[in-house]
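**Q** the amino acid sequence is not available; the structure is as follows:
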């Protein structure tokens, strides 16, 4: 880097500024771009993870694209995404709005709500797995029939449990985002609405929600793209089971690659995962309007 | 608000230029991880956790290190299912431990074909005394194309049908002597609110043990042998379809504990079901005896645990003495290890593995070590009855099949396990199961 600081551009110090991005860029190239290129290259090869890597053209892609496991994994992935978004968003907005209010006790409650965020996914999954065990879990221990269902052993229930646990884990985080969003809304808007005779509920729907538009987009992007990478939680809870009922794309990739020793097809799935993630992120940005920098107070 | 840097300054081209201009060597250094550092000469060894076996393994390493202060072995423990994945990744990445622990068979073949493990044939030639003191049957799964790639170690582990004697007394029934007996016991136990069979179905290989026995008892060992040999449509053999149908009948009849598909064997919850009296029977490896002895309070010592070989199936071809399981465990030497490390490993094979102290410890935890000439020790053990059963199975079985997932290649094994879990979930029919597997094991 020493050669670069001596670059003869004394008159335009601004050109130094891009180099401030260099440390982040090194990390990004190293840990995101390089592995990504590696994955794409591997998807055109056959490799059992142990022996020699052999180029094999489109074989891996053909294997993956003709496997009925792929549409199934895609369907499960999108269902988890949609269900966890639909559960988390309304609850997070309500909690966030509630926490943004004045009274002190709400801040104390906020701390309690925050706890799940401090735990690692694996720890949460282990705890829930133990609690939901049909023979030794909460239901069996308390002798409550309604709780001692085969939570993780039936496809529909297992799916529901995963959406629930994901929501339990991430609602605090999104509430925090919404809380900040609500606190940014100018008080004058509410004062004006009050003068016009709008009640609490009217204020929420006509002021709070529209003003939170960009917060919703940010939080939704995090939820949607984040849900593509749910792995640890599902792995510990169900390992994708029962059968393949909760096998999302990330699990399918892992199982093929590391358990089935087929790195080629696993890399092809990884590539698909990256493409879907990028497409979704772009789509959500579009929904947010062309210029993300435009005023958040439109119509105010 | 005024933004100090205009967007144009930080154009895409600038960023790309910077990315391209980054010193490649610097980037690579940052990406790469350093290999194992120098220092003390010693071999690395990863082995499985879960007591009581973990204690025996740790004891062996400790004793070896005590006797060889200059050449140490460094042990690291892993859970069974996690280890199976971890070791493959490590070998592929060239970061394998010196001693590669495994179960021989198809997995060892993959390692040998890729040149990742040392050929030990000549070493065994130079050290005939090491080979002579072990069960000859243990070397089958260590041999690939006539060459020995692994040192057999630890113990023979046939799969045993365990049962809770107290529950059988309580319900007033006798242990099953045939498959029909099993099916008749299912409603008797269910009527009393006791699960007929414990099963850690999330681990999948637990379900596989059922198919191993049903295939053998109905079609004989040649049924699965055809699969190993890559015979076309081997899974569609009528005997195979019968076996697959029978296991689904058992699932449908409520033969397995509620929620079996979310129970993992690594947590030993399936075994806890048996000794806590929630389930009456369980099909599990011989290692389970030691676990129940250690965790089940006085369940084993007070004679609560019953054990037997899997019963015959009416009209089946398989010999009722046949069994399945692990003929031994295996230690290979990574070909990537340094010469010093390899030397330590070989010294460990010669003077560390299955020495008298280890043999005695295995017997104490109710396991049958693969060392010859232990009859007296076995007879004197507090687990003499159980050891006698294991010994009879191990030495008298007409056929002792290797666990399917170890006998097949890792890719075929994964498809097998995947379909087995769906079969037990009743989400594939026996015919679909056969079709899915014919596609990967047929040549």
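**A** Nice, I can see it. For clarity, every value in this text was computed on a predicted model and none was experimentally measured. Numbers count the residues shown, from 1 in each chain, chains lettered A, B, ... in the order given.
**Q** so which residue of the stretch 301-443 of chain B comes closest to chain A?
**A** As assessed by Cβ to the nearest Cβ, chain A sits closest to residue B:414 within the stretch 301-443 of chain B, at 3.5 Å. C-beta: built from backbone N, CA, C; applies to glycine.
**Q** quick one, what contacts that residue?
**A** Residues in contact with residue B:414 (Cβ atoms under 8 Å, 6 or more residues apart in numbering or on different chains) are A:255, A:256, A:259, A:260, A:261.
**Q** list just the nearest of these to residue A:236.
**A** residue A:255 (14.3 Å; Cβ to Cβ).
**Q** from residue B:262, how far off is that closest one?
**A** 17 Å (Cβ to Cβ, to the nearest Å).
**Q** can you check residue B:141 too?
**A** Residue B:141 is 32 Å from residue B:262, by Cβ to Cβ.
**Q** ok, and the closest non-adjacent residue to residue A:236?
**A** residue A:125 (3.5 Å; Cβ to Cβ, 6 or more residues apart in numbering or on different chains).
**Q** so the one you found touches residue A:232, yeah?
**A** Yes - at 6.7 Å, residue A:125 counts as touching residue A:232 under the criterion of Cβ atoms under 8 Å.
**Q** run through the residues that contact the residue most central in space within chain B.
**A** Centroid-nearest residue in chain B: residue B:103, 6.5 Å away (criterion: Cα atoms, centre = their mean). Contact analysis of residue B:103 by Cβ under 8 Å, 6+ apart lists B:141, B:326, B:329, B:330, B:402, B:403, B:406.
**Q** can we see that at 10 Å?
**A** Listed by Cβ atoms under 10 Å, 6 or more residues apart in numbering or on different chains, the contact set of residue B:103 reads B:84, B:141, B:150, B:157, B:325-330, B:402-403, B:405-407.
**Q** most neighbours among the contacts of residue B:414, which one?
**A** Tallying neighbours with other Cβ atoms under 10 Å in any protein chain shown puts residue A:256 at the head of the contacts of residue B:414, with 27 neighbours.
**Q** and residue A:22, how far is that from residue A:224?
**A** Taken as Cβ to Cβ, the span from residue A:22 to residue A:224 is 31 Å.
**Q** hey, what's residue B:75 bridged with?
**A** Beta-bridge pairing of residue B:75 under DSSP bridges involves residue B:45.
**Q** thought residue B:58 was touching it, still the case?
**A** Yes - counting by Cβ atoms under 10 Å, residue B:75 touches residue B:58, with 6.5 Å between them.
**Q** of those two, give the one with the bigger neighbour count.
**A** residue B:75 (20 against 15).
**Q** by contact count, what packs against the helix or strand where residue B:108 lies?
**A** Per DSSP states H and E, residue B:108 falls inside helix B:105-113. If you count contacts as 3 or more Cβ pairs under 10 Å, 6 or more residues apart in numbering or on different chains; DSSP states H and E, helix B:105-113 packs onto helix B:80-92, strand B:99-102, strand B:143-144, strand B:329-333, helix B:404-407, helix B:410-424.
**Q** now these in TSV, with mean pLDDT?
**A** Below are the helices and strands packed on helix B:105-113 laid out as TSV (pLDDT from 0 to 100):
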stretch	mean pLDDT
helix B:80-92	85
strand B:99-102	92
strand B:143-144	88
strand B:329-333	92
helix B:404-407	86
helix B:410-424	89
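**Q** and these, which is most packed in?
**A** Highest mean neighbour count of the helices and strands packed on helix B:105-113: strand B:329-333, a mean of 26 (counted as mean count of other Cβ atoms under 10 Å in any protein chain shown).
**Q** after it, which helix or strand is next?
**A** helix B:339-351.
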